[in-house]
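Undergrad: 3D model of this:
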Amino acid sequence: MKDTIITVYVDTCKIRKYSNKKKDKDKVLSCVLICDNHYDAPATEEFTSNIVANSNLAWTAAVINILSNPEDFVIIDKIIPKLGEKSFIKLRSPKDGAGGTHVDGFVGDVDESEPEEYKIKFSVYSEGKRKKYSIDPKIRVIKTEIQ
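TA: Okay, the predicted model is just below:
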């Protein structure tokens, strides 16, 4: 399987105490896990997803303790490649199918790369309130087909 789904898991009970300001960044990160549908275990912001060239990408989010917080939810608002147009991460328009539940993208015919940092902006809906946050994971193109 070479297409990649990157999931951001958020502890909505803990994170709602913090802001997205620099002073709270480490605390916010302690409330977030990120992983993909390959063999990478959930990890904090230092997570690097390995993807194969010419593959599709999707980013989505989930509440870690959904059974304890059934009314909470998390939405990916935006993915921002830090290298802008020079990034190998290409995003699709929400009008092309993703809607508001996730963000779709792809990687074209790219040689193996060093990890590239990008920004995931997401909203947490908890206790009837919305708060916005962001994290900066990494993504790398690899040559080997992911099983």
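
Undergrad: Identify the residue nearest residue 62 in space, chain neighbours excluded?
TA: Leaving aside its sequence neighbours, residue 62 sits nearest to residue 9 (C-beta to C-beta, 6 or more residues apart in numbering; 5.3 Å). (C-beta placed from N, C-alpha, C; glycine too.)

Undergrad: wait, the one you found sits on residue 36?
TA: No: judged on C-beta atoms under 8 Å, residue 9 makes no contact with residue 36 at a distance of 11.8 Å.

Undergrad: Name the residue in the two with the higher neighbour count.
TA: residue 36 (22 against 17; other C-beta atoms under 10 Å).

Undergrad: bridging residues for that one?
TA: residue 6 (DSSP bridges).

Undergrad: Give me the below-cutoff pLDDT ranges for this structure.
TA: Per-residue confidence for the chain (pLDDT under 70) gives these ranges: 1, 39-41, 43-45, 96-99, 145-147.

Undergrad: any chance you could map the helices in it?
TA: 12-15, 25-29 (DSSP state H).

Undergrad: ok, now which ones touch residue 129?
TA: residue 16 (C-beta atoms under 8 Å, 6 or more residues apart in numbering).
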